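Visitor: 3D model of this:
(2 chains)
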Amino acid sequence: MGWRLPLRSLWRNRRRTLLSLAVIALGTAVSVFVLGFLENSRLQIQDSTVQQYGNLQIASPLLWEDTAEGFEYLIAPDVAARLDTVWASEPTYRGSTRQLQFSGLLGAGRLTQVITVTAIEPENGILDFADLAVDGRGLVAADTAAAFVGRSLAERLSLGVGDAVTVTLTTVDGAYNASPFLIVGIYQYSNEQFEQQVVFVPLAFGQRLLNTAGFDRVVVALDAVASTEPAAARVAARLAGDGLALEARTWDVLSPFYRQLAAYFDALFGFLTLAISILVFFIILQVLTLAFLERTREIGTLRALGTTQGEVFRQFFAESAWLAVLGSLVGAAAGSLLAVGFNAVGIEWRPPGTIDPVVLASRIEVEVALLPFAISVVATLLSALYPAAQASRLRVVDALRVE
Amino acid sequence: MGTASRFCHVRGERFLNAERLTKAYRVGGETVYALREVDFAALQGDFIVINGPSGSGKTTFLNLISVIDRPTSGEVYIEGEATSAQSEGQLAHLRKTKIGLVFQSFNLIPVLSAAENVEYPLLLQRRPRAERHERVAMMLDEVGLADLAKRRPNELSGGQRQRVAIARALVAGPMIVLADEPTANLDSKTGEAVMDLMRRLNEEHCVTFIVVTHDPAVSRYAGRRVRIHDGRLEEGERDGMAASAA
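Guide: Modelled structure (predicted):
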């Protein structure tokens, strides 16, 4: 009777049960769909951020904190060999590549543009950006004075593959340096500002421009995004153990934009879920209060037969638990179906600051549905606490008097 | 049924008594007495009919001795144990194990079948499944409803519902069954059948029955008659059965 009585009570009041299930299911479905949408957007941005930064970057704290007056943050070439021993002990390590970044002034005819020169090891297999090429090609190992520029920058300065441009900069010694180079390719990236600002050159060429043999960071690729945090902790411990004054930073720490966006998505989902939960809570509270009120005489009978207050509470709470679980399950399924339909339509949207539209989609995964499911169950159970407690506390003799 | 043989040897022993039982309500600043200093004792195996007009305090008295209500003053003893200081949980345990109740409106649980309604007190006592099913079948057979075990209350006539209620009251082997106007919602022929059944079960199971009614026709089933008037109890006559019990 433990499960039979609650289930049959629900079945007896089918209309009210359906109303309750519909409210819970609707709330859950909306939450599942919205969370799936936000999660999908977040993962797209995560992929793009990891694509830009790698999983980890190793550099001097002076670089991260931007406190160096000159180029004290540069890492000496011999340190690269010592870092190899660090990677050897990291099980999730997939590869690494050195980078050197500095500012410069790009001149093309009478037009100039402040740029960030990112000197990379061409064809490093980790993070060489070659797959972003929309015209020409990415950098190759044989390149010397070659550049791979963003589409927006190329359009702004009317540049094309094969054009020669000049970059002016200050070397590590404080001297001015200027050098021509050839545009070998144009890349397309999701972020317009990145395209306008970042120019890739071969590391050797960048070092020659800056008059150094050093580099300022090592970009590390791991086997999976999920490996990042534990790997960062292990690498940091090894760096400290090896006496290297270097710091490991993860891709999300390196990207303030991602962190802000993730926090915004969390807040958005939190607010929406809270609003839905409050709505579900009060509607179910109202429905259950009325339902239990209508059954006052039945409660009196149960108590008169020797059912304890606790048993009455559990019985009525069990009804709500069935409602909560069934409603939330139906809602999770409905939310997933809604996502399937939405994804099939393939609506496109161009996010602010980006160049190409993205296809809007809602992620359909058990993990995505679990949180809204759990929140709906908890909200429904919370809403049942008061009416179930009221029902259990009824005086038997008063309850039996109710017609 | 095992219950009968268990209790027959104690026929005539005092099981329930009430001392100076009073129930008062405050109505519009005045104290209204539903029951005044009532003394009462029921012996094992009694079939007591409590008679009285509407508003005389019959149901109040029944509520107090079935420990679903507490007296303003006085005491109800069940097997010599005072009940007024007992917790709600302890009183629920008393009702579950020693008292069977039959209501005027049957008060069956609408979502359960006849058999499940009868099974409910056994579930509360956490009896094993096999024992439950055996006792339910036996009890439904005794009240003549073996063929209707799977019917829901709304598929049964008034008389059949009251039979289910009686089976429910007796199934867990209580020492006393308290019935509040058990024939009030039944036609006279069905009412008589129900009273016949209760009297038969009283004799077969040696369970004390206290029937509260305003219907004078029910009095003829009484082994002992008690009258309530204006909240006071007046002892009536006993028939041969009650006399032998006493």
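
Visitor: B:Val32 and chain A, how far apart?
Guide: 16 Å (C-beta to the nearest C-beta, to the nearest Å). The way it works is simple: take the backbone N, C-alpha and C, and place the C-beta from them, glycine included.

Visitor: what do you get for B:Arg127?
Guide: From B:Arg127 to chain A the distance is 12 Å (C-beta to the nearest C-beta).

Visitor: ok, that residue - how many residues close by?
Guide: 17 (other C-beta atoms under 10 Å in any protein chain shown).

Visitor: wait, what's in contact with it?
Guide: B:Arg127 makes contact with B:Arg135, B:Ala172, according to C-beta atoms under 8 Å, 6 or more residues apart in numbering or on different chains.

Visitor: can you give me the helices for chain B?
Guide: B:2-8, B:58-65, B:88-98, B:114-124, B:129-142, B:158-171, B:188-205, B:240-245 (DSSP state H).

Visitor: out of the ones you listed, which comes closest to chain A?
Guide: Closest to chain A of those is helix B:88-98 (C-beta to the nearest C-beta; 2.6 Å).

Visitor: is that closest one up against chain A anywhere?
Guide: Yes: if you take C-beta under 8 Å from any C-beta of the partner chain as the test, helix B:88-98 does meet chain A, through B:Glu88, B:Gly89, B:Ala92, B:His93, B:Leu94, B:Arg95, B:Lys96, B:Thr97.

Visitor: which residues touch that helix?
Guide: With C-beta under 8 Å, 6+ apart, helix B:88-98 has contacts from A:303-310, B:66-68, B:78-79, B:83, B:86, B:101, B:121, B:124-125, B:172, B:174-176.

Visitor: can I assume B:Thr31 is in contact with B:Thr22?
Guide: No: with contacts counted by C-beta atoms under 8 Å, B:Thr31 stays clear of B:Thr22, the gap being 10.4 Å.

Visitor: With neighbour numbers in mind, choose between these two.
Guide: B:Thr22 (16 against 9).

Visitor: List the residues that contact the more buried one.
Guide: B:Tyr33, B:Leu35, B:Arg36, B:Glu37, B:Val38, B:Pro71, B:Thr72, B:Ser73, B:Gly74.

Visitor: Low-confidence ranges, the stretch 51-200 of chain A, go.
Guide: A:68 (pLDDT under 70).

Visitor: how far away is the residue of chain A found nearest chain B from B:Ala114?
Guide: At 2.6 Å from chain B, A:Gly306 is the closest residue in chain A, using C-beta to the nearest C-beta. A:Gly306 sits 19 Å away from B:Ala114, going by C-beta to C-beta, to the nearest Å.

Visitor: what about those two, which has more around it?
Guide: B:Ala114 (29 against 24).

Visitor: Find the nearest non-adjacent residue to the more buried one, please.
Guide: Computed as C-beta to C-beta, 6 or more residues apart in numbering or on different chains, the closest residue to B:Ala114 that is not its neighbour in sequence is B:Val164, at 4.7 Å.

Visitor: Then B:Ser84?
Guide: Per C-beta to C-beta, 6+ apart, closest to B:Ser84 is B:Glu75, 5.4 Å.

Visitor: So that neighbour is in contact with B:Glu81, correct?
Guide: No: using C-beta under 8 Å, B:Glu75 is not in contact with B:Glu81, being 10.1 Å away.

Visitor: neighbour count winner among those two?
Guide: More crowded of B:Glu75 and B:Glu81, by other C-beta under 10 Å: B:Glu75, with 15 against 11.

Visitor: Let me see the contact set for that one.
Guide: B:Ala18, B:Glu19, B:Arg20, B:Leu21, B:Ala82, B:Thr83, B:Ser84.

Visitor: What residues are bridge-paired with it?
Guide: B:Glu19 (DSSP bridges).

Visitor: what's around A:Val330, how many residues?
Guide: Residues near A:Val330, counting by other C-beta under 10 Å: 17.

Visitor: Same question for the one 4 residues further on.
Guide: Burial measure for A:Ala334: 17 neighbouring residues, criterion other C-beta under 10 Å.

Visitor: do the same with B:Ser157
Guide: As a measure of burial, B:Ser157 has 12 neighbours, counting by other C-beta under 10 Å.

Visitor: out of everything not next to it in sequence, what's closest to it?
Guide: Closest to B:Ser157 by C-beta to C-beta, 6+ apart is B:Thr190, at 7.6 Å.

Visitor: Can you check what pLDDT the model gives B:Met1?
Guide: pLDDT recorded at B:Met1 is 39.

Visitor: And A:Thr380, by the same measure?
Guide: Reported pLDDT for A:Thr380: 91.

Visitor: Nearest residue to it in space, please, no chain neighbours.
Guide: Leaving aside its sequence neighbours, A:Thr380 sits nearest to A:Ala324 (C-beta to C-beta, 6+ apart; 3.6 Å).

Visitor: mind checking which helix or strand the one you found is in?
Guide: helix A:309-345 (DSSP states H and E).

Visitor: right, and the secondary structure at A:Tyr258 would be what?
Guide: helix (DSSP: H, G, I helix; E, B strand; the rest coil).

Visitor: doesn't A:Gln46 make contact with it?
Guide: Yes: the criterion here is C-beta under 8 Å, and A:Tyr258 meets it with A:Gln46 at 6.8 Å.

Visitor: Touching both of the two, which residues are there?
Guide: Joint contacts of A:Tyr258 and A:Gln46 (C-beta under 8 Å, 6+ apart) are A:Asp252.

Visitor: what's near enough to touch the residue nearest to B:Ala114?
Guide: B:Phe106, B:Leu108, B:Ala114, B:Asn117, B:Val118, B:Leu140, B:Val143, B:Leu145, B:Pro153, B:Leu156.

Visitor: Report pLDDT for it.
Guide: Reported pLDDT for B:Val164: 94.

Visitor: Distance-wise, check it relative to B:Ala18.
Guide: Applying C-beta to C-beta to B:Val164 and B:Ala18 gives a distance of 29 Å.

Visitor: just A:Ile347 next, same as before
Guide: Applying C-beta to C-beta to A:Ile347 and B:Ala18 gives a distance of 77 Å.

Visitor: neighbour count winner among those two?
Guide: B:Ala18 (22 against 11).

Visitor: element containing A:Val167, please.
Guide: Going by DSSP H and E, A:Val167 is part of strand A:164-170.

Visitor: Show me what the helix or strand following that strand is in contact with.
Guide: Remark: after strand A:164-170, the chain's next helix or strand is strand A:176-187, criterion DSSP H and E. With C-beta under 8 Å, 6+ apart as the test, strand A:176-187 has contacts from A:129-130, A:132-139, A:143, A:145-151, A:154, A:159-171, A:195, A:200-201, A:205, A:208-211.

Visitor: Just the buried residues out of the residues you listed, in PyMOL syntax.
Guide: In PyMOL, a selection of the buried entries from the contacts of strand A:176-187 looks like this (16 or more other C-beta atoms under 10 Å in any protein chain shown):
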select buried, chain A and resi 129+130+132+133+136+138+139+143+145+146+147+148+149+150+151+154+159+161+163+165+167+169+170+195+200+201+205+208+209+210
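
Visitor: Among the contacts of strand A:176-187, which ones are in helices?
Guide: Checking the contacts of strand A:176-187 against DSSP H, those in helices are A:Arg151, A:Ala154, A:Glu195, A:Phe205, A:Arg208, A:Leu209, A:Leu210.

Visitor: Now do the end-to-end distance for stretch B:178-193.
Guide: 18 Å (C-alpha to C-alpha, to the nearest Å).

Visitor: taking the contacts of B:Glu75 as a set, which two sit the farthest apart in space?
Guide: Greatest spatial distance among the contacts of B:Glu75 (C-beta to C-beta): B:Arg20 and B:Thr83, at 14.0 Å.
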